[in-house]
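Student: my questions concern the predicted model and sequence given below.
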Amino acid sequence: MRLPPMALVLLLWAAGLGAAAQFGKISVLFQDLRGIYAGQGEVALGLVVSVVGMVGLVFGTTAGLLVARIGPKRAIVGAMALGAAVSAVQALLPAYPVMILSRVLEGASHLAIVVVGPVLIAQLAPEERRPLAMTLWSSFFGVTYAVLALIAPGIVGWGGAPGLFLAHSGWMVAIGALLWAALPADPPAIRGRMGNVLAQHVQIYASPWLAAPAMGFCFYTFLYVACLTLLPPQTPESHRALMATGMPLVSIAVSLTLGVRLLSRMPAVRLASWGYLAALPGFVALWLFWGHGSGMVLAGFWLSAALGIVQGASFASIPELNRLPEDRARAAGAIAQLGNLGTTTGTPVLAAILAAGGPLALSAVAVLAALAGVAVIGWQARRRQARST
């Protein structure tokens, strides 16, 4: 089956939606799972959500090395098949240990998809549309959560928790089959030896080309996921729903419009720095308007817009800095690893700071984190310049 390049990009993005739903379906069903696994405790239930991300945190860079070895088509099709299988098992509502095991396997599936997706999109998209394609890919989490908020209640109302698991399994089967039929075969040159995994990790993080997208992206996930989690409950009730639904939508809209336009005018790494700098007034406004509904919403939307630009620019910097497919796979693996580090640490750290020091302390630490993102991006740029001269 032959498809135009941008149709393949959309198909890969659909695979990303399935990967994001591996998190989203559990968030939707969390109250149901509390009843199903009553007596397990809150920590055990939280593990059902977080263990998928823990797989990426531990094995993100390793996944990039494996993809470079076995080829992206086989990796993503295999990951979609594995994702479909574990969702079907979860529809049986198995005993807690089996559910946790299925989530570990789902973490491997998720990791392979989020590593392969940007690699293939960068390879397949026409050069003039690559910034749009990479920014579209970066939106898959936000879009998935927005769509699940609309359709998941109806699916659960019709078929309960098993219905949602089976719907997800069906999506993974359908998109995986289309990818198998439509993607070009893996070129033999992309399949290499793994070599010493530890040494290759050192090589990735020592490289200002391979590690730069991930090191900048880490501060984005640290800030953005925490803002999405912490700000809506702190907003006055009359504006809470607007804050919760509007922030991800604003982020997606700005990254796909203004972000793409700016990527045609400046390098992605520079735009990521400008995105962090643009977020600074938002954090100050958040402190100034804390507790005031309209002011908090405007500050939250400003932050979402600025950080949305960082999101798209970070993924666009993978092909900008790395020309070879195997290097892009390794850079994407590093993004998965450090992105999960930011996601895992951001919410608990900023929640503790908010509880201890209030909104001023939260805003101050967020400003420092954004400036740290700018500093790391600039440091890696100077390293690249020094090595090129």
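Tutor: Now that the structure is in, tell me what you want to look at.

Student: show me what contacts Val51?
Tutor: Counting by C-beta atoms under 8 Å, 6 or more residues apart in numbering, Val51 touches 100, 103-104, 107. Quick note: C-beta positions are derived from backbone N, CA and C, even for glycine.

Student: distance of it relative to His110?
Tutor: Remark: distance between Val51 and His110 (C-beta to C-beta, to the nearest Å) = 11 Å.

Student: then Ala372?
Tutor: 27 Å.

Student: for the closest residue to Met80 other than its chain neighbours, give me phi and psi.
Tutor: Distances taken as C-beta to C-beta, 6 or more residues apart in numbering place Gly176 nearest to Met80, at 3.0 Å, with adjacent residues excluded. Main-chain torsions, Gly176, degrees, to the nearest 10: phi -60, psi -40.

Student: contact partners for Gly176?
Tutor: So Gly176 contacts 15, 76-77, 80-81, 83-84 (C-beta under 8 Å, 6+ apart).

Student: kindly report the same for Ala122.
Tutor: 130, 133-134, 318-319, 328.

Student: of these - the most surrounded one?
Tutor: Among the contacts of Ala122, the one with the most neighbours (other C-beta atoms under 10 Å) is Ile318, at 29 neighbours.

Student: tell me the secondary structure at that one.
Tutor: Here Ile318 is recorded as helix under DSSP: H, G, I helix; E, B strand; the rest coil.

Student: what's the answer for Pro184, then?
Tutor: coil.

Student: so for it, what's the nearest residue that isn't a sequence neighbour?
Tutor: Sequence neighbours aside, Lys73 is the residue nearest to Pro184 in space, at 7.2 Å (criterion: C-beta to C-beta, 6+ apart).

Student: and if you look at Gly83?
Tutor: Take Gly83 and drop its neighbours on the chain: the residue closest to it by C-beta to C-beta, 6+ apart is Ser109, 4.0 Å away.

Student: hmm, that neighbour is touching Val77, no?
Tutor: No - counting by C-beta atoms under 8 Å, Ser109 sits too far from Val77 to count as a contact (11.2 Å).

Student: a markdown table for the contacts of Ala122, including distance to Gln40 and pLDDT?
Tutor: Output for the contacts of Ala122, formatted as a markdown table (distance: C-beta to C-beta, whole Å; pLDDT from 0 to 100):
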| residue | distance to Gln40 | pLDDT |
| --- | --- | --- |
| Arg130 | 46 | 85 |
| Ala133 | 42 | 88 |
| Met134 | 40 | 86 |
| Ile318 | 39 | 88 |
| Pro319 | 43 | 88 |
| Arg328 | 40 | 84 |
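
Student: nearest to Thr345, of the residues you listed?
Tutor: Nearest to Thr345 among the contacts of Ala122 is Ile318, at 22.6 Å by C-beta to C-beta.

Student: which residues touch that closest one?
Tutor: 118-119, 122, 134, 213, 328, 331-332, 335.

Student: on that earlier part again, which one of the contacts of Gly176 is nearest Ser264?
Tutor: Taking C-beta to C-beta as the measure, Ser264 lies nearest Ala15 of these, at 26.1 Å.

Student: need the contact list for the residue nearest the centre of the chain.
Tutor: Geometric centre of the chain, nearest residue: Phe141, 5.9 Å, by C-alpha atoms, centre = their mean. Residues near Phe141 by C-beta under 8 Å, 6+ apart: 20, 23.

Student: sounds good, over and out.
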